[in-house]
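Q: Turn this into a structure:
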Amino acid sequence: MELTVVDVGPDGPALHRDVAPLILALRPALDADGFAAFAAEAHAQGLVFTAAYDDRGRCLAVAAHRVLATSRGRLFFVDDLVTAPAVRSAGVGGRLFAVLRERARAAGCVRIELDSGTANHDAHRFYRAHGMAVTALHFGLDLPGEAAPVR
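A: Residues are numbered from 1 along each chain as shown. This next block holds a predicted model:
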């Protein structure tokens, strides 16, 4: 299967037509309006959406990523990586991950990092199969009250 991998900008129709459905499938608590607000704010913070299309123009996978300057060096952080259910285990996610590795190298990053939910065992197998190791625990604290408005 031939794949074309492209970055999807914040203003084009592909963001809502192609990227949003896959991200919303991964993040069911997010609705279309929430996705639009998130995408705009995150893009301003350096988030890039990279999509993989087949030769018929179908979006098969999406990665959301950014480069972060940290005290540990430049990190290539993958916020989300999702493949359409119909093509999971067909190599599409692996091919998109390979593109991300090359982009991380080109950006001078010392490592790729991402978070994965503790119960998402399929994702864990995928990441381990692509050379990733569990190197940290991610802690979170929900804050009471309303979330700050997106501007």
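Q: Quick check: buried residues in stretch 73-80?
A: 75-80 (16 or more other Cβ atoms under 10 Å). C-beta: built from backbone N, CA, C; applies to glycine.
Q: Looking at these, which two lie furthest apart in space?
A: Leu75 and Asp80 (15.7 Å; Cβ to Cβ).
Q: Correct me if wrong, but Ala133 is in a strand.
A: No - using DSSP: H, G, I helix; E, B strand; the rest coil, the assignment for Ala133 is coil, not a strand.
Q: and it, backbone torsions?
A: Per-residue torsions, Ala133: phi -120, psi 150 (degrees, to the nearest 10).
Q: Count the neighbours of it for me.
A: Close neighbours of Ala133, defined as other Cβ atoms under 10 Å, add up to 7.
Q: Count the neighbours of Ala69 for me.
A: As a measure of burial, Ala69 has 9 neighbours, counting by other Cβ under 10 Å.
Q: what bridges to it?
A: Beta-bridge partners of Ala69, counted by DSSP bridges, are Arg74.
Q: so where's this structure shaky on pLDDT?
A: Counting by pLDDT under 70, the chain has low-confidence residues at 146-151.
Q: where do the helices sit along it?
A: Here the chain has its helices, by DSSP state H, at 13-14, 20-26, 32-44, 92-106, 121-129.
Q: Point out the most buried one among those helices.
A: helix 20-26 (a mean of 18; mean count of other Cβ atoms under 10 Å).
Q: now that helix, how far from the centre of its chain.
A: The chain centre lies 10 Å from the centre of helix 20-26; the measure is Cα atoms, centre = their mean, to the nearest Å.
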